[in-house]
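Participant: Turn this into a model:
(chains A, B, C and D)
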Number of protein chains: 2
Amino acid sequence: MLTIRDIAAKAGVSVSTASRALNNNPRISQATRERIQALAEAEGYLPNYNAKNLTAGEANAVGVVFPTSDHSQTENPFYIDLLRGINGQLLQRHYVLSVAISKTADELLENVKSMVVQGKIKRFVLFYAHRDDPIAAFLRQHHLRFVTIGQPADNANDYFVDNDNLQAGIGGANFLLNELKVKHPVFVESTHDWAFEQQRRQGYERVAASFNVEPLTCKLGEINRARLFIKQHPEIDGIMATDDYNAIEFYRLLREQYHITNFPVVSFNHTLPVGLTDADLHSINLFPEKMGSATVALLFSDREPLDTPTPGQIRIPYEIK
Amino acid sequence: MLTIRDIAAKAGVSVSTASRALNNNPRISQATRERIQALAEAEGYLPNYNAKNLTAGEANAVGVVFPTSDHSQTENPFYIDLLRGINGQLLQRHYVLSVAISKTADELLENVKSMVVQGKIKRFVLFYAHRDDPIAAFLRQHHLRFVTIGQPADNANDYFVDNDNLQAGIGGANFLLNELKVKHPVFVESTHDWAFEQQRRQGYERVAASFNVEPLTCKLGEINRARLFIKQHPEIDGIMATDDYNAIEFYRLLREQYHITNFPVVSFNHTLPVGLTDADLHSINLFPEKMGSATVALLFSDREPLDTPTPGQIRIPYEIK
DNA sequence: CTGTTAGCGCATTCAA
DNA sequence: TTGAATGCGCTAACAG
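Facilitator: Numbering: from 1, shown residues only, chains lettered A, B, ... in the order given. This is a model prediction of the structure:
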């Protein structure tokens, strides 16, 4: 294995100069720096991360924490794209992506603690934004940098990356009413009261008001309640849902009672394969991969100042078509 | 930070004895071992991984490699469960899960190379089983241990974890014909000719033969071809599909042409939220989390001998209900 | 069984 | 600007 000693030897310098040259330390001449870097490149020298990490006291890794309970069957595609976006950025920085995922909250916390204490990982991404989260608390307490995916409900100072859910809600509702000519849209959401659902609903309600239509919301919980809801609202001629699955489920219930065709639907996440439904489905793309990239930017903003208006927050735009 | 020196000092022994005690080295007395372990436990001592890794010349990490191109919208939920299964096992072994994921094959290979050369990672899991895979080639060449998810097509010596797709195909087809009383089942697959699809189809065909029904297969590619297929086969009264998405899509096309209700469907992966379809959907659970656990068992089988009939191969059973 | 010493690969202090 | 020496935390070879 090629070490820095070998490079130093071949260059006829000491290890410390080699080290300085390779790390762009200012205390070295331009000439030898370039000479040694060229040599290292030519020889195919690559530093040993474990050694670097040991001296640095910090690992070149970012911990990505998945939520425990799987409410998330529906969000999974999102996670993979997030990973892709994050790792793309990490590669450039010679960082590695380390995952904490577990069924139980206790085990997950242990996982993160071990990453911090034993692994010397100092930067984390939380793939959720729960309130009273023990992991976030632990990270705060240790003054470690972390970014949540989604706006945190309880701590305004946390860094986060999110969509502009309000704007996306407005955009989606406008699309439904303007482009798809819907007169009586229903807003469909889960029973979880997620923050992003409420924000999207607000957008919907705002647009509804401007169109002078009565806002109408259905929580998708007990199925017979939803069926009843549909019976009571035969006027519904379009769906806006907080995600693709809610949209498809409500649409299915609608079709149980009415014969409909080419039914206008706007939803979020762009997560279903085409051809899965015959509704006129327009799913808003939230660009999870871009969210991943932005997350890393925020995560390293102490080293690489960024130019967002609100430092600590990034909002990714949406696209509907 | 608490180091092994501190523990040694408090115990009144040298660092090396402390090290031996903590690593269950045989060359130490039972008494001091227990004493020091108790002390370390009490003081909350935890070893620094970077230091351990440096001396060991090997990282306590397993590299998990995702496939590049996303044919995989449909398989993503599977990935998350795999991660969960893998990480659950890694935690017990004080190992960490490191992810390689990228859009381009070149970048992915660089990612893995870096993990090996710079990160000293020696064990990998490939979330795919492609033929002529450059990453598998690289790992083989460096004599590193890796396990693929899915039976590799081209290299019989590779370790893998898979489902028993043939048996599952048989089980699914039997369920469709016996329990759901289907007389004219159609087998629906993608245009990819994945190995697992072919194996499941074989199971279907074998059962069809035993029931004296003509096997019938539809590749779900160009949509109008599928529509035509359906028109030509009005006798179809049940679906067996290689995954939930194919099942739902074919079912949708069927409903375009016929009024059907409570239609029997058997598919794989158990990946859709309930309530998404009104077909009588029975999705075969392949226990991806168990696959993850088994993967780790295989990955460490050099240290911890396992008791599978065929070393290097593990097949996870399925469940249908 | 235990302690002393050296070394893993690298960065950094201190001298020169 | 460069080199020699020291240490990061831990394990292992070698003595005793």
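
Participant: what's the pLDDT at the closest residue to A:Ser293 other than its chain neighbours?
Facilitator: With sequence-adjacent residues excluded and distances taken as C-beta to C-beta, 6 or more residues apart in numbering or on different chains, A:Ser293 is closest to A:Gly85, at 4.6 Å. Any C-beta I mention is one placed from the backbone N, CA and C, and that applies to glycine too. Here the pLDDT value assigned to A:Gly85 is 97.

Participant: Confirm that A:Gly85 sits in a helix.
Facilitator: Yes. Under DSSP: H, G, I helix; E, B strand; the rest coil, A:Gly85 falls within a helix.

Participant: For it, give me its contacts.
Facilitator: A:Gly85 makes contact with A:288-296, according to C-beta atoms under 8 Å, 6 or more residues apart in numbering or on different chains.

Participant: how about the residues you listed in TSV, adding pLDDT, distance to A:Phe78 and secondary structure?
Facilitator: Shown next, in TSV, are these (pLDDT from 0 to 100; distance: C-beta to C-beta, whole Å; DSSP: H, G, I helix; E, B strand; the rest coil):
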residue	pLDDT	distance to A:Phe78	secondary structure
A:Pro288	95	5	helix
A:Glu289	95	10	helix
A:Lys290	97	12	helix
A:Met291	97	9	helix
A:Gly292	98	10	helix
A:Ser293	97	14	helix
A:Ala294	97	14	helix
A:Thr295	98	13	helix
A:Val296	98	17	helix
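
Participant: quick one: which of these is nearest DNA strand C?
Facilitator: When the contacts of A:Gly85 are compared for distance to DNA strand C (C-beta to the nearest atom of the strand), A:Val296 comes out closest, at 21.5 Å.

Participant: how near is the closest one to A:Asp162?
Facilitator: Distance, A:Val296 to A:Asp162, using C-beta to C-beta, to the nearest Å: 15 Å.

Participant: neighbour count winner among those two?
Facilitator: More neighbours surround A:Val296 than the other of A:Val296 and A:Asp162, with 25 against 21 (other C-beta atoms under 10 Å in any protein chain shown).

Participant: so that one makes contact with A:Leu90?
Facilitator: Yes. If you go by C-beta atoms under 8 Å, A:Val296 and A:Leu90 touch, sitting 6.3 Å apart.

Participant: Okay, now the unreliable bits of chain A?
Facilitator: Within chain A, the stretches with pLDDT under 70 are A:70-75.

Participant: rerun that using 80 as the cut-off
Facilitator: Applying pLDDT under 80 to chain A flags the ranges A:69-77.

Participant: what residues go with each domain of chain A?
Facilitator: What automatic domain parsing lists as the domains of chain A is A:4-47, A:61-149+A:289-320, A:165-285.

Participant: Could you dump these into CSV and include distance to B:Glu107?
Facilitator: Below are the domains of chain A laid out as CSV (distance: least, C-beta to C-beta, whole Å):
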stretch, distance to B:Glu107
domain A:4-47, 16
domain A:61-149+A:289-320, 7
domain A:165-285, 23
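
Participant: Indicate which one of those domains is closest to B:Arg206.
Facilitator: Closest approach to B:Arg206 among those (C-beta to C-beta): domain A:165-285, 29.0 Å.

Participant: Just the endpoints, please. Distance across that closest one?
Facilitator: Taking C-alpha to C-alpha, to the nearest Å, domain A:165-285 runs 12 Å from one end to the other.

Participant: separation between whatever residue of the stretch 101-250 of chain A ends up closest to DNA strand D and B:Pro47?
Facilitator: The stretch 101-250 of chain A approaches DNA strand D most closely through A:Gln118 (8.3 Å), counting by C-beta to the nearest atom of the strand. Noted for A:Gln118: a distance of 6 Å to B:Pro47, by C-beta to C-beta.

Participant: A:Ile314 belongs to a strand?
Facilitator: Yes. A:Ile314 forms part of a strand when assessed by three-state DSSP.

Participant: got the contact list for it?
Facilitator: A:Ile314 touches A:160-162, A:294-295, A:297-298, A:308, counting by C-beta under 8 Å, 6+ apart.

Participant: What sits closest to it if chain neighbours are left out?
Facilitator: In space, A:Ile314 is closest to A:Ala294, 4.3 Å off (C-beta to C-beta, 6+ apart).

Participant: Can you report how many residues lie near the residue in the stretch 151-300 of chain A that DNA strand D sits nearest to?
Facilitator: Of all residues in the stretch 151-300 of chain A, A:Phe300 sits closest to DNA strand D, at 23.6 Å by C-beta to the nearest atom of the strand. The number of residues packed near A:Phe300 is 19, by other C-beta under 10 Å.

Participant: Just the strands from the stretch 51-200 of chain A, written as ranges.
Facilitator: A:61-65, A:96-100, A:123-126, A:145-149, A:159-163, A:185-189 (DSSP state E, counting those that start in this stretch).

Participant: and the third one, what other elements does it pack with?
Facilitator: Which is strand A:123-126. Helices and strands touching strand A:123-126, by 3 or more C-beta pairs under 8 Å, 6 or more residues apart in numbering or on different chains; DSSP states H and E, are strand A:61-65, helix A:134-141, strand A:145-149, helix A:288-299.

Participant: Let's have those in CSV, adding distance to B:Glu249.
Facilitator: Below are those laid out as CSV (distance: least, C-beta to C-beta, whole Å):
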stretch, distance to B:Glu249
strand A:61-65, 32
helix A:134-141, 39
strand A:145-149, 30
helix A:288-299, 23
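
Participant: Ok, which of these comes nearest A:Ala8?
Facilitator: Here strand A:61-65 is closest among the helices and strands packed on strand A:123-126 (C-beta to C-beta), at 27.3 Å.

Participant: What helices and strands are in contact with that closest one?
Facilitator: With contacts defined as 3+ C-beta pairs under 8 Å, 6+ apart, strand A:61-65 has these neighbours: helix A:76-92, strand A:96-100, helix A:105-117, strand A:123-126.

Participant: could the ones you listed go into a markdown table alongside distance to DNA strand C?
Facilitator: Output for these, formatted as a markdown table (distance: least, C-beta to the nearest atom of the strand, whole Å):
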| stretch | distance to DNA strand C |
| --- | --- |
| helix A:76-92 | 18 |
| strand A:96-100 | 16 |
| helix A:105-117 | 19 |
| strand A:123-126 | 18 |
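
Participant: Tell me, how many residues neighbour the residue nearest to A:Leu306 when sequence neighbours are not counted?
Facilitator: In this structure, A:Leu306 finds its nearest non-sequential neighbour in A:Ala297, 5.4 Å apart by C-beta to C-beta, 6+ apart. Residues within reach of A:Ala297, counting by other C-beta under 10 Å, total 16.

Participant: Over to A:Thr3?
Facilitator: When neighbours are counted by other C-beta under 10 Å, A:Thr3 registers 14.

Participant: In contact with the nearest residue to it once chain neighbours are set aside, which residues?
Facilitator: Closest residue in space to A:Thr3, ignoring its immediate chain neighbours: A:Asn48 at 7.3 Å, by C-beta to C-beta, 6+ apart. Shown in contact with A:Asn48 (C-beta under 8 Å, 6+ apart): A:1, A:3, B:54, B:118, B:120.

Participant: near DNA strand C, which of those show up?
Facilitator: Here is what survives when the contacts of A:Asn48 are matched to DNA strand C using C-beta under 7 Å from any atom of the strand: A:1, A:3, B:54.
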